[in-house]
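>>> Structure for this input, please:
(2 chains)
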Amino acid sequence: MAAILAMSLFVSVSQISSAEHEPPISGIVVGVETDDNGNLTRFAVSDSTGVVTTFTVFDGTEFGLENQAGDRWVSTQGEEPTESVRRLRDHRERFAPITVTFENGTAFSVVEREEGKLESNLGYLFAVFAVTWALFFAYVLYMGRKQRVLQHEIAKLKRSLDK
Amino acid sequence: MGVALYLIFVWVPTETNQGAVQRILYFHVPVAWGSMLGIFVVSGSSFMYLWKKNEKWDRLAVASAEVGVIFGGMMLLSGMIWARPVWAVWWTGEAKLTTALILFFIYVAYLMFRAYFPPGAQRQRLAAIIGVIGAVDTPIIYFAANLWSQAHPPIVTGPAADAESTLGSDLGTVLMASTLAFTFLFIFLVQIRYKIRKSEDDLVELKRASSASVLTGAN
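Residues are numbered from 1 along each chain as shown, chains lettered A, B, ... in the order given. Below you'll find the model as predicted:
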């Protein structure tokens, strides 16, 4: 009995400690879901790698979101359940990034994206340079070939005219 | 261009918000500038052709339109790839993006018109009119982010950039260097394309001369 209790206690503690270390997610709001009264129930965020994470909210979910003019709105889901919907939709339309701290899929705080978090998007950077430079070189090669063909034809015609 | 690439990938510090992907800016803005410069040259040389009726202006317009469509395509491609990690979408019906896409279509329409309309003075005249009208889109693209205030960041360079949105000194220096490098690349490509166009015209003239000599010989 004591062993079972100790084991369950260990599992609970390890779950809590892993939940505490769940890193916040930053990204763009891609979905906002409401109930029949227009209160926020869930929202989805896509991070810079394209992974979409869905979060549920509860009355204690804290918001700190700015509008386009930079005015900050600070409140909780319980206090203003419809304003959070409006703010998140505004962020979705403006592609304004947010940072969500959460535990087990439930959002605890939703704020403007925290600065200083470097993201590894090297794949996109590489894609831009690879695709566009390939296009440039293809165009230069196309022009070089075209010029050679034209010069050859001009020389041929000039020779035939000289005769 | 080598110096610009060194500055982009080695010298300039990584931006704190977006990370490495922000370096796309040093490519995206210069090619966007190139595509707008292209339509200005198309418009200016088309106007000069309508005025002076000199073939060299028509050649310059064609060369600039073809290089401009390449730069325009790169602007759209780089913008789309950049939008994916920072906006989570490839494309959106945002004002600046839509007007930039219209510019690309203007270039395509201009080149398609030239490709499919029968050769001659009428084709050159009508193409020149399209070229002149096409430039109307350029100031709309430039001011779109400030006029409609949507997702695209506001203007960071040029006369309409305000102090708040202007890039920092290091970032601004790299952007200027990169823009300069791409401007030279634009001029270089237009120059090559102009020579090809001149060779095409020479070939047509030679073919005419050849046909005339054959006809003379037959008579």
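>>> Which helix or strand in chain B has the lowest average pLDDT?
The helix or strand of chain B with the lowest confidence, counting by mean pLDDT, DSSP states H and E, is helix B:137-148 at a mean of 70.
>>> Residue nearest the middle of chain B, spatially speaking?
Geometric centre of chain B, nearest residue: B:Ser35, 1.8 Å, by CA atoms, centre = their mean.
>>> List the residues that contact it.
B:Gly68, B:Phe71, B:Gly72, B:Met74, B:Met75, B:Ala100, B:Leu103, B:Phe104, B:Tyr107 (CB atoms under 8 Å, 6 or more residues apart in numbering or on different chains). The way it works is simple: take the backbone N, C-alpha and C, and place the C-beta from them, glycine included.
>>> Of these, which is the nearest to chain A?
B:Met74 (4.5 Å; CB to the nearest CB).
>>> Neighbours of that closest one, how many?
For B:Met74, the count of nearby residues is 24 (other CB atoms under 10 Å in any protein chain shown).
>>> After the helix or strand containing it, which helix or strand is next?
Using DSSP states H and E, B:Met74 sits in helix B:55-87. Counting by DSSP H and E, the next helix or strand C-terminal to helix B:55-87 is helix B:95-116.
>>> Quick check: mean pLDDT of whichever helix in chain A runs longest?
For chain A, the longest helix by residue count, based on DSSP state H, is helix A:122-162. Mean pLDDT, helix A:122-162: 87.
>>> again, but for stretch A:58-77
For stretch A:58-77, mean pLDDT rounds to 84.
>>> what comes into contact with it?
A:40, A:57, A:78, A:83-84, A:87-88, A:90-91, A:94, A:96, A:98, A:106-112, B:149.
>>> If we ignore the residues flanking it in sequence, what's nearest residue 82?
Just going to use chain A. Distances taken as CB to CB, 6 or more residues apart in numbering or on different chains put A:Gly38 closest to A:Thr82, at 5.0 Å, once the chain neighbours are dropped.
>>> try chain B instead
B:Ile24 (4.4 Å).
>>> Quick check on the one you found: phi, psi?
phi -60, psi -30 (degrees, to the nearest 10).
>>> if I pick it, what's in contact with it?
By CB under 8 Å, 6+ apart, the contact list for B:Ile24 reads A:Tyr124, A:Leu125, A:Val128, B:Ser78, B:Ile81, B:Trp82.
>>> what's the residue nearest to A:Thr82 in contact with, if anything?
Contacts of A:Gly38 by CB under 8 Å, 6+ apart are A:Pro81, A:Thr82, A:Val85.
>>> of those, closest to chain B?
A:Val85 (18.9 Å).
>>> thought the closest one was touching A:Glu33?
No - checked against CB atoms under 8 Å, the pair A:Val85 and A:Glu33 is beyond contact range at 9.1 Å.
>>> list residues touching both of these two?
With CB under 8 Å, 6+ apart as the test, A:Val85 and A:Glu33 both reach A:Leu40.
>>> between these two, which one's more packed in?
Using other CB under 10 Å, the more surrounded residue of A:Val85 and A:Glu33 is A:Val85, with 19 against 13.
>>> Which pLDDT value belongs to the closest residue to that one other than its chain neighbours?
Spatial nearest neighbour of A:Val85, excluding adjacent residues (CB to CB, 6+ apart): A:Leu40 at 4.7 Å. Listed pLDDT for A:Leu40 reads 89.
>>> remind me which residues of chain B are low pLDDT?
B:16-17, B:144-168, B:214-219 (pLDDT under 70).
>>> could you point out the longest helix in it?
Secondary structure of chain B per DSSP H: the longest helix is helix B:169-218.
>>> ok, and does that one reach over to chain A?
Yes - interface with chain A: helix B:169-218 contributes B:185, B:189, B:192-193, B:195-196, B:199-200, B:202-203, B:206-207, B:209-210, B:213 (CB under 8 Å from any CB of the partner chain).
>>> With respect to A:Leu141, which of the residues you listed is nearest?
Among those, B:Ile192 lies closest to A:Leu141 (CB to CB), at 11.5 Å.
>>> quick one, phi/psi of the residue most central in space within chain A?
The residue lying closest to the centre of chain A (CA atoms, centre = their mean) is A:Asp47, at 3.0 Å. Per-residue torsions, A:Asp47: phi -90, psi -180 (degrees, to the nearest 10).
>>> Check A:Asp36 too.
phi -60, psi -30.
>>> Now do it against A:Val100, distance only.
25 Å (CB to CB, to the nearest Å).
>>> Neighbour count for the two, which is higher?
A:Val100 (20 against 5).
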